[in-house]
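1. Provide a 3D model corresponding to the input given below.
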Amino acid sequence: MPQFKNLGDLIVRDRDLTKVAIIDLGGEETPREFSYAAFDAMIMGVARGLAKRGLQRGDRVAILSINRTEYLAAYFGIMRAGFVAVPVNYRFPRQTIHTIIQNAGAKLVFCDNQRRGDVPPELPVVVFGGGGEGAFDRFVDPGPFETVTPQAAEPAMFLYTSGSTGKPKGVVLSHQSHIWVVETRLVPGLERHRYLIAAPLYHMNALALAKLACAAHATIVLLPRFEARAYIDAIARYRPTWLTAVPPMIAMMLREGDALAKADVSSVEFIRMGSAPVSSSLMAATHQAFPKAVVTNAYGTTEAGMIVFGPHPKGLPQPEASVGAKHPKAEVRLVDGDNRDAEQGVLEMKAPAVMNGYHNSEVAPPITPDGYYVTGDVFRRDKDGFYYFVGRTDDMFVSGGENIYPADVERMLERHPGVAQAVVIPVDDDIKGTKPVAFVIPRAGQVPTEDAIKQFALQNAPAYQHPRFVWFVDDLPLASTNKVDRAALKKIAQQRVDATVS
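-> Numbering: from 1, shown residues only. The predicted model follows:
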């Protein structure tokens with residue numbers, strides 16, 4: 001039997017409620033500490049405040065804010081009261097934010113003061129921080145609240161995908177689907193951990209960890225946003241044991257060598273990187289900076305959760321480039337054309353965490369008739385049953401008739417001793433259709449040349465994969481999910497190539 005019934009009610013009240021639930025390093029003051037009793041009371045106050053507004057069960061309520069305790073209280077309180085939480089990416093342009101909120105049919109928006117102007121003007125708002133009409137503290141209605149028991153497959157939240165390949169789509173996720181995720185990940189001993197969360201709470205990476213920490217009765221160290229030096233300082237000051245982030249966040253932190261050298265990061269025991277490929281050079285650098293930590297290369301999707309891969313059933317050590325073996329509670333297959341048991345192909349997976357579908361969208365959810373979610377990610381499987389990410393089908397491009405997966409080429413380039421990070425982008429070519437080019441961040445203290453990188457590629461991969469241009473940069477643009485913004489780089493690359501031939 002599931003331990004929890006409502007995704008907004010993950011606090012176990014027969015445990016020590018005086019324990020610190022959240023150390024908030026943003027908001028109105030820093031730091032602010034909230035016990036489990038205070039956090040639970042805030043969540044109940046949100047649920048009561050929403051119920052007084054006369055909303056109907058299933059109504060959507062949006063959240064538009066940087067990370068703060070009130071964000072999590074609103075998120076849990078919305079769901080606890082039987083409504084649907086809609087975290088919105090505040091980094092989107094205002095028009096896109098309006099489109100998402102309108103698509104969701106939100107009846108009310110929680111926001112911080114900085115983003116109040118991004119809320120559609122016709123909607124009521126509750127503002128985190130400050131005072132006056134519409135302030136969060138005045139909205140909260142203190143007192144007990146009886147948690148709503150959701151029906152089977154009843155939506156708990158809509159998470160809108162980043163929209164990198166088109167208009168953002170609202171992924172509908174039920175209470176039961178992500179309670180299953182929490183309870184599958186919940187193992188004895190997690191309560192001793194401190195989880196550092198700096199990824200945005202509109203993203204599955206951060207939300208999933210926040211829910212796990214609450215269910216485990218652990219402590220969250222919450223940063224308002226990711227900034228490399230603030231992240232390092234939080235590790236040194238607040239001694240988290242567990243970090244989770246997308247790889248570019250870790251890469252940016254590791255480049256702050258002087259700050260890392262001065263900081264005591266010995267508290268960190270686990271680092272989980274996911275949502276984007278992890279290169280061998282990044283893995284090696286992470287081990288060097290955190291020698292006591294277990295570093296995991298993980299995989300998950302908004303549409304189907306992160307229970308996909310795990311430890312090998314025979315206890316074989318996981319290769320660092322691998323995301324693991326098939327999780328015993330998930331079904332996976334690699335599909336290559338008509339072959340549904342390929343050694344390399346598009347990953348399809350089936351588990352209780354798979355979404356209900358997309359909300360109010362003309363796009364049909366990529367779910368097969370037998371219930372598998374089609375991820376669009378290409379993986380290969382080795383002879384021991386370990387899986388390796390190859391690339392996104394929508395990132396793949398064809399050069400002279402050959403399929404090129406950028407992530408595959410990037411991993412090869414990052415084996416060069418002078419390369420810290422590489423991003424491969426296609427540009428137009430009159431003969432081959434497209435051709436690969438690369439943006440490279442050099443490793444500290446190294447000064448590689450364009451020719452050296454090209455020759456390394458020609459020696460270590462098929463000739464068609466070698467980048468025809470190599471540009472050295474100090475940093476890379478990030479999209480709103482803290483992943484590398486490939487669309488922005490593609491525009492820059494095309495402009496540079498065009499300038500060389502004009």
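
2. Where does pLDDT dip in this protein?
-> Along the chain, segments meeting pLDDT under 70 span 1-2, 162-166, 275-277, 480-482, 501-502.

3. Domains in it, by residue range?
-> 20-297, 309-392, 397-501 (automatic domain parsing).

4. Export those domains to TSV and append columns for distance to residue 5 and mean neighbour count.
-> Yep, even glycine has a C-beta here, placed from its N, CA and C like the rest. TSV is the format used below for the domains of the chain (distance: least, Cβ to Cβ, whole Å; neighbours: other Cβ atoms under 10 Å):
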stretch	distance to residue 5	mean neighbour count
domain 20-297	5	20
domain 309-392	15	16
domain 397-501	30	17
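
5. quick one, strands of the stretch 151-300 of the chain?
-> Using DSSP state E, counting those that start in this stretch, the strands of the stretch 151-300 of the chain run over residues 155-160, 170-174, 194-197, 219-222, 242-245, 270-273, 294-297.

6. Return the residues in contact with the residue nearest to residue 205 when sequence neighbours are not counted.
-> Closest residue in space to residue 205, ignoring its immediate chain neighbours: residue 199 at 4.7 Å, by Cβ to Cβ, 6 or more residues apart in numbering. The contact partners of residue 199, taken as Cβ atoms under 8 Å, 6 or more residues apart in numbering, are 205-206, 226, 244-246, 249, 482.

7. What residues does residue 345 make contact with?
-> So residue 345 contacts 334-336, 339, 378-379 (Cβ under 8 Å, 6+ apart).

8. so after the helix or strand containing it, what's the next helix or strand?
-> Residue 345 is part of strand 344-350, with elements assigned from DSSP states H and E. Using DSSP H and E, the helix or strand that directly follows strand 344-350 along the chain is strand 357-359.

9. Quickly run through the sheet partners of that next one, with directions.
-> strand 170-174 (antiparallel) (DSSP bridges).

10. now the angle from the strand it pairs with to strand 155-160?
-> Strand 170-174 runs at 160 degrees relative to strand 155-160, counting by axes from the mean of the first three to the mean of the last three Cα atoms, to 10 degrees.

11. picking up where we left off before, compile the contacts of residue 345 into a markdown table and extend it with columns for secondary structure and distance to residue 106.
-> Shown next, in a markdown table, are the contacts of residue 345 (DSSP: H, G, I helix; E, B strand; the rest coil; distance: Cβ to Cβ, whole Å):
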| residue | secondary structure | distance to residue 106 |
| --- | --- | --- |
| 334 | strand | 38 |
| 335 | strand | 37 |
| 336 | strand | 41 |
| 339 | strand | 44 |
| 378 | strand | 36 |
| 379 | strand | 36 |
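
12. Dump these to a markdown table, plus distance to residue 148.
-> Below are those laid out as a markdown table (distance: Cβ to Cβ, whole Å):
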| residue | distance to residue 148 |
| --- | --- |
| 334 | 40 |
| 335 | 39 |
| 336 | 45 |
| 339 | 46 |
| 378 | 41 |
| 379 | 39 |
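
13. Residue 389 belongs to a strand?
-> Yes - Residue 389 forms part of a strand when assessed by DSSP: H, G, I helix; E, B strand; the rest coil.

14. these two touch, right, it and residue 406?
-> No - assessed by Cβ atoms under 8 Å, residue 389 is found out of contact with residue 406, at 11.6 Å.

15. just the helices in the stretch 401-502 of the chain please.
-> Taking DSSP state H, counting those that start in this stretch, the helices of the stretch 401-502 of the chain run over residues 406-413, 450-460, 486-501.

16. which residue sits closest to residue 438 in space, ignoring its chain neighbours?
-> Residue 438's closest residue in space is residue 467 (Cβ to Cβ, 6+ apart), at 3.7 Å.

17. The one you found against residue 437, yeah?
-> Yes - using Cβ under 8 Å, residue 467 is in contact with residue 437, at 5.2 Å.

18. and for those two, which residues touch both?
-> Residues touching both residue 467 and residue 437 (Cβ under 8 Å, 6+ apart) are residue 424.

19. Contacts only, for the most centrally placed residue in the chain.
-> For the chain, the residue whose C-alpha lies nearest the mean C-alpha position (Cα atoms, centre = their mean) is residue 205; its distance is 3.4 Å. Neighbouring residues of residue 205 by Cβ under 8 Å, 6+ apart: 199, 244-246, 274-275.

20. just residue 266 next, same as before
-> Contact analysis of residue 266 by Cβ under 8 Å, 6+ apart lists residue 292.

21. so who does residue 242 touch?
-> Taking Cβ under 8 Å, 6+ apart as the test, what residue 242 contacts is 193-196, 209, 268-272.

22. Against residue 402, how distant is residue 432?
-> 9 Å (Cβ to Cβ, to the nearest Å).

23. before we move on, what about residue 41?
-> Computed as Cβ to Cβ, the residue 41 to residue 402 distance reads 60 Å.

24. Repeat that for residue 447.
-> Distance of residue 447 to residue 402, given as Cβ to Cβ: 31 Å.

25. Please apply the same query to residue 279.
-> Counting by Cβ to Cβ, the gap from residue 279 to residue 402 is 22 Å.

26. Let me see the ranges of the strands in the stretch 301-450 of the chain.
-> Along the stretch 301-450 of the chain, the segments classed as strands by DSSP E, counting those that start in this stretch run 309-310, 324-326, 331-335, 344-350, 357-359, 373-381, 386-392, 397-399, 402-404, 419-429, 433-442.

27. Out of the ones you listed, which is closest to residue 127?
-> Residue 127 sits nearest to strand 357-359 of all the strands of the stretch 301-450 of the chain, at 25.7 Å, using Cβ to Cβ.

28. and the closest one, how far from the chain's centre?
-> On the basis of Cα atoms, centre = their mean, to the nearest Å, strand 357-359 sits 19 Å off its chain's mean C-alpha point.

29. Now do the contacts for residue 25.
-> Residue 25 sits next to 31, 221-224, 230, 234, 238 when contact means Cβ under 8 Å, 6+ apart.

30. Now do it against residue 99, distance only.
-> For residue 25, the distance to residue 99 - Cβ to Cβ - is 32 Å.

31. what's the answer for residue 439, then?
-> From residue 439 across to residue 99, the span is 30 Å (Cβ to Cβ).

32. what's the answer for residue 456, then?
-> Taking Cβ to Cβ, one finds residue 456 at 44 Å from residue 99.

33. do residue 198 as well
-> 27 Å.

34. again, but for residue 283
-> Separation of residue 283 from residue 99 (Cβ to Cβ): 38 Å.

35. Also residue 22?
-> Following Cβ to Cβ, the distance that separates residue 22 from residue 99 is 32 Å.

36. next one: residue 449
-> Applying Cβ to Cβ, the value for residue 449 to residue 99 is 46 Å.

37. Same question for residue 46.
-> Residue 46 is 26 Å from residue 99, by Cβ to Cβ.

38. Equivalent analysis for residue 405, please.
-> Using Cβ to Cβ, residue 405 is found at 31 Å from residue 99.

39. check contacts around residue 265.
-> 232, 235-236, 289-290.

40. go again using 6 Å as the cut-off
-> Contacts for residue 265 (Cβ atoms under 6 Å, 6 or more residues apart in numbering) come out as residue 235.

41. Look up how far residue 271 lies from it.
-> Separation of residue 265 from residue 271 (Cβ to Cβ): 10 Å.

42. swap in residue 383?
-> 28 Å.

43. Residue 467 now?
-> Using Cβ to Cβ, residue 467 is found at 30 Å from residue 271.

44. Helices of the stretch 51-200 of the chain, start to end?
-> Applying DSSP H, counting those that start in this stretch to the stretch 51-200 of the chain gives helices spanning 69-80, 94-104, 136-139, 175-185.
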